[in-house]
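1. predicted structure and sequence below. I'll ask about it afterward.
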Amino acid sequence: MTTDTLEQAVKLEDVWRKVHRRAWITVLAPLAILAYLVYTWFAFDVPDLLSKAQPERAAILATDSVAYKVHVTKDFRHGEMEVAIEGERTATYDNAELPDWVTFDGEDAFVDLGDGYTVEIKDKTALFNVPGYGVIEATATAKGVDTILPEGDVPGWLKDNPRKLDARPSLDKRLQVTRTKIEIHNYFGGWENFWFPFKSLLHGQSFSQLYALALSADRVDPDYSNLWFIVHEFLGNPDWQHGKVIMALLETIMMAVLGTLTAALFGLPLAFLAARNFTPSQVLRFGTRRLFDFLRGIDMLIWSLIFIRAFGLGPLTGALAIAFTDTGSLGKLFSEALENIDNRQVEGVKATGASQIQRYRFGVIPQILPVFVSQVLYYLESNTRSATVIGALGAGGIGLLLVETMKTSRDWENTSYIIILTIVVVIAMDQSSGWLRRKLIEGKKTG
Amino acid sequence: MAVAALEQEILSLRKHRQLYSMIGLLLVVAVLVSGYSKANEMNSGGFLQGLSKFFDYPGEIVVEAWQAGPAFFALVVHFTPAMLETLNIAGVATLLGGAMAVVLAMASTRNVDSWGPLIPVVRRLMDIMRAFPELIVALFLIFVLGSSPVPAMIAVAFHTAGALGKLFSEVNENIDRKPIEGLTACGASWLQRIRFAVMPQVAPNYLSYFLLRLEINVRASAILGFVGAGGIGQELRRTIGWGKGAGDETAAIFVLLFLTIMAIDQLSSYLRGRLVGSGRSH
């Protein structure tokens, strides 16, 4: 035995150098991270952001998404009193059937907002009685608003200027007076008119009544069966737009499923071209790999912008953007899986005299199938989320609907409805693909 | 007789299997065909008409970029700060989300002695965090905080914490428990066990997943810019909104985005190769 097969003796200096390096890393790495965070704190201008943030918007959003408001409006131009849910024309109470907290005698009105808050409307004057503060008197004139406030300091919830009075003593009660109208908002919990539109025959009916109606032979609408009528009324609800939201969700799912399947179908054959053990030609291999890099590097954002220009808005655009990006990602993953397969199985199949295609079918495919299935399902999952974002860029689907309702919305409950549905769909896709993956792959192992 | 019966059974099993495979394949084909024809119908522009226009837009911006000449490189430099902002969004989001994910992972794996009743709670929490599309959180925060990179950063970090937390806890499940038991025998506290028995085992894998996530987050931050979160996405939205004439700027942003994503991709896959490689050799 010679000494050169033995391991080289470890020198003391080497050990110390390693220990020192480690010590430096444990000190320097956290310091570097901290320095980076401090730098970004100023790069993002967080102090400025915090000073400009509007936390009251979050409060309004939170209240509004779980509550609805009823507007009581006196419009001087038309000289009319109107009580409407969310001020919508389609949800206006008939003057003979006003809610019991509004009394109206043709000219003057009395609104009881609860907890002692009351508003009295006399001609063009509103008297707002706020417990613990006093009576605010506001009169609409030809020029603006004249107000008489109780003695003392003006509280923060009261915005009074010559053109407009805005009093909101608590989140759920509000009075606004301008030159042209007096408007009172009274907030109630819940999602109003969620199932059926206000003007619909079915509005306010209980579930058992609906069930009975669906089974009864007398048709409400002679053209449809009753069940179809109920479904139709529900989907056509103008406030909630159930039909439109469901279509948008389907569009998003369609984008994700089509995009991922297409990517898998193109990625697999291309992966063979990029794998060292299947393609001897180095040029071809290099070309395919750069193609994968190119497809991935362009990124979904740019692909979808290009496709929007070519194919317009819609699910096709989203599906193609996902397909292009993921052909690159999946192709790369598959080619790595192909390079790692066990060659003995292929040789065994070859020894039985199998043709090229049979060798692939029985020697290669069974080995990469678990990787294939699990990766495709993982991508399907994450693409459901990506499809919402691509939609927001303009491809359509739930993402676009969400951006639109957020931009135009006065009714945040619609936004939260869409958000809840989106999350439910994403979780459902997540769970079902996880279930499928376990079923397919573990079934393979045991069976 | 028994052999023949067995053969019969195997044959019937194989037939079933072939049938299932056929059904599965047909289902995929049916979904693809019907899906694409439906999608084509719903799109505002058709596929065939679009196909001829496919190269128009890329061609247009390439021509405009070509006409800009050397000024094109100046444009690329001009947009670099915006790209840097996007990178910062991704960087901070990955750091904060990753840190949170470590905490979540340590609290949700039986193998590292997490507190039992907490495990299912934290797991569901991670599921919910993962399910929230970044877009929703970002839009909500933009509404409250105003247009700035911070909402995007928080949105990405939130999602990252859930996604990485799940991967980290899977890593935790596969570690060797002997060092933990050794330290327990010495009377080490839970934190000491995590620090000296768990972290050294999981660090390479954690770092590797962390880098992979950084890659994904750079893409996500760029897209979120498009809905008003700042960075390169916002610049892109501006130049695209101008339509014709700003093609050279759009091209500059595309090039910058492409180069950055490629660079991060290559760097992270190189580093991951080294990390996991060194992890294996020990």
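-> Nice, I can see it.
2. what's the closest non-adjacent residue to A:F266?
-> A:T327 (4.8 Å; Cβ to Cβ, 6 or more residues apart in numbering or on different chains). Placement of C-beta: from N, CA and C, glycine included.
3. same question for B:S44.
-> A:G312 is the one closest to B:S44 (Cβ to Cβ, 6+ apart), at 3.4 Å.
4. name the nearest residue to the residue in the stretch 51-200 of chain B positioned nearest to chain A, sequence neighbours excluded.
-> Nearest residue of the stretch 51-200 of chain B to chain A (Cβ to the nearest Cβ) works out as B:Y57 at 4.0 Å. Leaving aside its sequence neighbours, B:Y57 sits nearest to A:R309 (Cβ to Cβ, 6+ apart; 4.0 Å).
5. would you confirm that the one you found contacts B:F55?
-> No - A:R309 is beyond contact range of B:F55, at 10.4 Å (criterion: Cβ atoms under 8 Å).
6. follow-up on the earlier one: the residue nearest to B:Y57: what secondary structure?
-> Using DSSP: H, G, I helix; E, B strand; the rest coil, the structure places A:R309 in helix.
7. OK, contacts around it?
-> B:K53, B:D56, B:Y57 (Cβ atoms under 8 Å, 6 or more residues apart in numbering or on different chains).
8. scan those and report the most crowded one.
-> Neighbour counts for the contacts of A:R309, by other Cβ atoms under 10 Å in any protein chain shown, peak at B:Y57, which reaches 17 neighbours.
9. so that one, which of the three states?
-> Classification of B:Y57 by three-state DSSP places it in helix.
10. do you know the pLDDT at it?
-> With respect to pLDDT, B:Y57 scores 78.
11. related to what we said a few turns ago, any idea of the pLDDT on the residue nearest to B:Y57?
-> Confidence at A:R309, expressed as pLDDT, is 82.
12. one more: B:L26?
-> pLDDT, B:L26: 90.
13. again, but for B:A152
-> Reported pLDDT at B:A152 in the predicted model: 90.
14. and the helix or strand containing it, what other elements does it pack with?
-> Under the criterion of DSSP states H and E, B:A152 resides in helix B:149-173. Packing contacts for helix B:149-173, counted by 3 or more Cβ pairs under 8 Å, 6 or more residues apart in numbering or on different chains; DSSP states H and E, involve helix B:80-106, helix B:118-131, helix B:134-145, helix B:199-224.
15. state the distance from B:F258 to chain A.
-> Noted for B:F258: a distance of 5 Å to chain A, by Cβ to the nearest Cβ, to the nearest Å.
16. ok so that residue is a strand residue?
-> No - counting by three-state DSSP, B:F258 falls outside a strand, being helix.
17. grab the nearest non-local neighbour of it.
-> Per Cβ to Cβ, 6+ apart, closest to B:F258 is A:G297, 5.1 Å.
18. now the element after the helix or strand hosting that neighbour, going C-ward?
-> Assigning secondary structure by DSSP H and E places A:G297 in helix A:282-311. In the C-terminal direction, the helix or strand that comes right after helix A:282-311 (DSSP H and E) is helix A:315-339.
19. mind listing what's buried in that following helix?
-> Using 16 or more other Cβ atoms under 10 Å in any protein chain shown as the test for burial, helix A:315-339 gives A:315-335, A:337-338.
20. so which elements touch it?
-> helix A:242-274, helix A:282-311, helix A:365-390, helix B:2-42.
21. sorry, back to before: measure the residue nearest to B:Y57 to B:G59 for me?
-> 11 Å (Cβ to Cβ, to the nearest Å).
22. can you check A:Q345 too?
-> In this view, A:Q345 and B:G59 are 48 Å apart by Cβ to Cβ.
23. near chain B, anything from stretch A:267-287?
-> No - legend: contact between stretch A:267-287 and chain B by Cβ under 8 Å from any Cβ of the partner chain is lacking; minimum distance shown is 12.4 Å.
24. could you list the buried residues of that stretch?
-> A:G267, A:L268, A:L270, A:A271, A:F272, A:L273, A:A274, A:A275, A:F278, A:T279, A:R285.
25. cool, stretch B:149-160 as well?
-> Here stretch B:149-160 shows B:P149, B:V150, B:P151, B:A152, B:M153, B:I154, B:A155, B:V156, B:A157, B:F158, B:H159, B:T160 as buried, counting by 16+ other Cβ under 10 Å.
26. distance to B:Y20 added to those, as a markdown table?
-> Putting the buried residues of stretch B:149-160 into a markdown table (distance: Cβ to Cβ, whole Å) gives the following:
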| residue | distance to B:Y20 |
| --- | --- |
| B:P149 | 50 |
| B:V150 | 51 |
| B:P151 | 47 |
| B:A152 | 45 |
| B:M153 | 47 |
| B:I154 | 46 |
| B:A155 | 41 |
| B:V156 | 41 |
| B:A157 | 43 |
| B:F158 | 40 |
| B:H159 | 36 |
| B:T160 | 38 |
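27. alright, I will stop here.
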